[in-house]
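Chemist: sequence and predicted model, in that order:
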Amino acid sequence: MDGQQWAAERDNSPVLKRSIIAGAVGVLVHWFDWAVYAYLASTIAEVFFPDQSKAAGLLAVFAVFAVSFAVRPIGALIFGPLGDRIGRRKTLSLVILSMTGATLLVGLLPGYQSIGILAPILLVVARMVQGLAAGGEFGSAASFLAEYSPARHRGFGVSWLEVGSLLGFLGASLTIFLLEVTLSADAVAAWGWRIPFLLAAPLGLIGFYIRQKIEDTPDFRILEERGKIADAPLREVFTGNWRQLLQMGGVEVLQHVTFYVVLVYLLTYQTQYLGLSSGGAALVSTVTSLVAVVLVPAFGALSDRVGRKPVLLFSSVALLVAAYPLFLLMREGGLVGATVSTIGLGVILALILATHAVTMAEIFPTRVRQGGLSIGYNVTAALFAGTVPYLMTFLIDRTGNLMVPAFYLVLVGAVGLIATLTLRETVGTPLLTTEDLAASDPAPEPEPAPTERS
């Protein structure tokens with residue numbers, strides 16, 4: 001593939017649209033499942049851990065949630081380097097099939113009253129499979145979207161990855177809201193909780209079909225044609241890109257914790273501690289997700305104009321300054337205060353989501369991009385994302401201080417600020433470089449840097 005063909009394929013509008021859909025659909029399915037599990041935590045506790053007290057059952061459900069995150073680095077070590085060897089498209093197809101099967105299993109599982117201790121054991125197994133598959137989703141999708149997007153609009157293109165995740169949360173919160181208003185609490189506990197998990201199965205199959213119908217990225221195919229696929233991408237990313245892994249770790253701590261506090265934990269927090277109804281809290285989450293869906297691609301486009309670092313720096317500072325007062329408003333302002341404060345946190349989250357994936361994709365070379373993204377994203381997810389609901393519940397229970405989540409967000413804002421300051425500006429840089437292709441090989445015409453950021 002020569003340079004003109006390469007550029008033409010990137011600028012082919014139908015191809016770009018298909019690549020965006022293919023990259024985002026699996027993320028949508030994944031986060032729909034993840035959010036539904038978190039939103040139905042109290043019900044799942046009653047179904048699978050009925051002999052526990054209410055607090056202990058909730059902690060058990062969140063512990064399973066954390067275990068599924070603990071195995072994500074294993075999935076990253078499997079699917080990340082695999083994608084650098086066999087291609088982004090093939091791993092995208094593998095992970096969406098695995099995620100869909102695990103989600104369907106949860107929806108079909110009998111409860112504790114039917115099969116006893118086997119019920120929670122099978123729940124753990126299903127969530128572990130989901131976690132392994134999720135370990136390969138972000139790296140595959142982010143690499144895929146970054147390598148298909150034109151340099152001038154790469155921030156906008158990759159931001160649709162997180163639009164997919166937000167649509168997953170939006171679909172989950174809307175589904176829970178509909179369950180709450182159409183079914184009785186007894187009906188939800190008896191069988192209604194299964195509906196969202198069963199709905200994810202056809203979505204996953206549609207996503208698999210879409211991913212099977214698109215070519216792999218131009219960058220990967222060039223490496224393939226030149227015989228420059230990394231023989232040992234896992235070793236290469238650790239020996240040659242350890243600095244990028246550390247930088248990504250700091251940025252992803254900022255992203256993961258903010259994401260999980262705002263879009264996962266707040267629903268439980270607002271119902272358990274602030275007295276909001278389940279339907280009211282789900283509605284607040286829905287409105288926040290809608291606002292973020294609109295803002296993420298807009299902020300992604302903004303990063304194409306002003307740079308990645310300014311947007312990430314502003315979001316980190318905003319979290320440092322605004323987290324505490326927003327939680328005070330949430331605690332004292334009733335439903336209106338909860339809505340305004342949650343949307344405020346959602347705007348900050350949208351800034352982070354719009355830029356973190358594209359920035360991280362741009363700091364890794366193409367030969368090991370999927371492996372680096374998968375490992376950096378999922379190691380931090382295992383340590384800091386899946387533990388958010390459990391840690392917040394535990395600390396509030398021990399301290400009695402309802403401002404614990406605000407303090408945690410201030411802390412991760414500081415971590416994100418420090419990590420972002422170490423980054424170089426990457427906006428407009430070509431992804432396929434001499435680091436990927438040997439100097440003796442005839443290199444493809446480089447993707448031209450934009451003459452103007454638009």
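Modeler: Arrived safely. Note that the structure is predicted; figures quoted are calculated from it, not measured.
Chemist: got any ranges where the stretch 301-450 of the chain has weak pLDDT?
Modeler: 433-450 (pLDDT under 70).
Chemist: now the helices for it?
Modeler: Taking DSSP state H, counting those that start in this stretch, the helices of the stretch 301-450 of the chain run over residues 308-332, 334-363, 369-380, 388-399, 404-421.
Chemist: looking at those helices, which is buried most?
Modeler: With neighbours defined as mean count of other Cβ atoms under 10 Å, the helices of the stretch 301-450 of the chain peak in mean count at helix 369-380, which reaches a mean of 29. Where C-beta positions appear, they are placed from N, C-alpha and C, glycine not excepted.
Chemist: show me what it is packed against.
Modeler: In terms of contacts (3 or more Cβ pairs under 8 Å, 6 or more residues apart in numbering; DSSP states H and E), helix 369-380 is packed against helix 72-86, helix 118-148, helix 233-240, helix 242-260, helix 334-363.
Chemist: how about the helices of the stretch 301-450 of the chain, which one is nearest residue 296?
Modeler: Proximity to residue 296 (Cβ to Cβ) singles out helix 334-363 among the helices of the stretch 301-450 of the chain, at 4.8 Å.
Chemist: chain center to that closest one: distance?
Modeler: Chain-centre distance of helix 334-363: 12 Å, with Cα atoms, centre = their mean, to the nearest Å.
Chemist: for residue 192, grab the count of nearby residues.
Modeler: Counted by other Cβ atoms under 10 Å, the residues lying close to residue 192 total 20.
Chemist: sorry, back to before: in a markdown table: the helices and strands packed on helix 369-380, plus distance to residue 159.
Modeler: Formatted as a markdown table, these follow (distance: least, Cβ to Cβ, whole Å):
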| stretch | distance to residue 159 |
| --- | --- |
| helix 72-86 | 21 |
| helix 118-148 | 9 |
| helix 233-240 | 24 |
| helix 242-260 | 13 |
| helix 334-363 | 5 |
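Chemist: for residue 388, find the nearest of the ones you listed.
Modeler: Nearest to residue 388, of all the helices and strands packed on helix 369-380, is helix 242-260, at 4.0 Å by Cβ to Cβ.
Chemist: what's the first helix or strand after that closest one?
Modeler: Once the chain leaves helix 242-260, the next helix or strand it forms, by DSSP states H and E, is helix 266-272.
Chemist: by contact count, what packs against that following helix?
Modeler: Helix 266-272 is packed against helix 13-39, helix 278-306, helix 334-363, helix 388-399, with contacts defined by 3+ Cβ pairs under 8 Å, 6+ apart.
Chemist: right, so of the ones you listed, which gets closest to residue 71?
Modeler: Set against residue 71 and scored by Cβ to Cβ, these come closest in helix 13-39, at 13.7 Å.
Chemist: and the angle for whatever helix or strand comes next after that closest one with helix 388-399?
Modeler: Downstream of helix 13-39, the next assigned helix or strand under DSSP H and E is helix 41-48. Going by axes from the mean of the first three to the mean of the last three Cα atoms, to 10 degrees, helix 41-48 is angled at 90 degrees with respect to helix 388-399.
Chemist: for helix 41-48, buried residues please.
Modeler: Residues of helix 41-48 classed as buried: 41, 42, 43, 44, 45, 46, 47, 48 (neighbour count, 16 or more other Cβ atoms under 10 Å).
Chemist: let me see the mean pLDDT of the very next helix or strand once past that helix.
Modeler: For helix 41-48, the following helix or strand on the C-terminal side (DSSP H and E) is helix 54-70. Average pLDDT, helix 54-70: 74.
Chemist: and helix 54-70, what does it pack onto?
Modeler: On a contact count with 3+ Cβ pairs under 8 Å, 6+ apart, helix 54-70 meets helix 41-48, helix 118-148, helix 388-399.
Chemist: so what does the last one touch, helix or strand wise?
Modeler: Right, helix 388-399. Contact partners of helix 388-399 among helices and strands, from 3+ Cβ pairs under 8 Å, 6+ apart: helix 54-70, helix 242-260, helix 266-272, helix 404-421.
Chemist: average pLDDT for the longest one?
Modeler: Model confidence over helix 242-260, given as mean pLDDT, is 95.
Chemist: the helices and strands packed on helix 388-399: which one's closest to residue 28?
Modeler: Each of the helices and strands packed on helix 388-399 has some distance to residue 28 by Cβ to Cβ; the shortest is helix 242-260, at 14.8 Å.
Chemist: okay, the angle between that closest one and helix 54-70?
Modeler: Per the same axes, to 10 degrees, the angle that helix 242-260 makes with helix 54-70 is 150 degrees.
Chemist: returning to what we had before: in TSV: the helices and strands packed on helix 388-399, plus distance to residue 385.
Modeler: Output for the helices and strands packed on helix 388-399, formatted as TSV (distance: least, Cβ to Cβ, whole Å):
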stretch	distance to residue 385
helix 54-70	6
helix 242-260	4
helix 266-272	14
helix 404-421	11
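Chemist: which one of those lies closest to residue 179?
Modeler: Closest to residue 179 of the helices and strands packed on helix 388-399 is helix 266-272 (Cβ to Cβ; 13.3 Å).
Chemist: sorry, back to before: quick one: closest of the helices and strands packed on helix 266-272 to residue 114.
Modeler: Proximity to residue 114 (Cβ to Cβ) singles out helix 13-39 among the helices and strands packed on helix 266-272, at 19.7 Å.
Chemist: chain center to the closest one, what's the gap?
Modeler: Relative to its chain's centre, helix 13-39 lies at 10 Å (Cα atoms, centre = their mean).
Chemist: that one to helix 242-260, inter-axis angle?
Modeler: Helix 13-39 and helix 242-260 meet at an angle of 60 degrees, taking the same axes, to 10 degrees as the criterion.
Chemist: give me the contacts around stretch 326-333.
Modeler: Here stretch 326-333 makes contact (Cβ atoms under 8 Å, 6 or more residues apart in numbering) with 270, 274, 337-338, 340-342, 344-345, 402-403, 405-406.
Chemist: turn the helices of the stretch 301-450 of the chain into CSV, including distance to residue 175.
Modeler: Below are the helices of the stretch 301-450 of the chain laid out as CSV (distance: least, Cβ to Cβ, whole Å):
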stretch, distance to residue 175
helix 308-332, 24
helix 334-363, 19
helix 369-380, 26
helix 388-399, 19
helix 404-421, 25
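Chemist: residue 223: which of those is closest?
Modeler: Closest approach to residue 223 among these is made by helix 369-380 (10.3 Å; Cβ to Cβ).
Chemist: tell me which of the helices and strands packed on helix 369-380 sits nearest to residue 95.
Modeler: The closest of the helices and strands packed on helix 369-380 to residue 95 is helix 118-148. By Cβ to Cβ, the value is 4.4 Å.
Chemist: mind giving me the packing neighbours of whatever helix or strand comes next after the closest one?
Modeler: Following helix 118-148 in sequence order, the next helix or strand is helix 154-182 (DSSP H and E). Judged by 3+ Cβ pairs under 8 Å, 6+ apart, the packing partners of helix 154-182 are helix 13-39, helix 118-148, helix 194-212, helix 278-306, helix 334-363.
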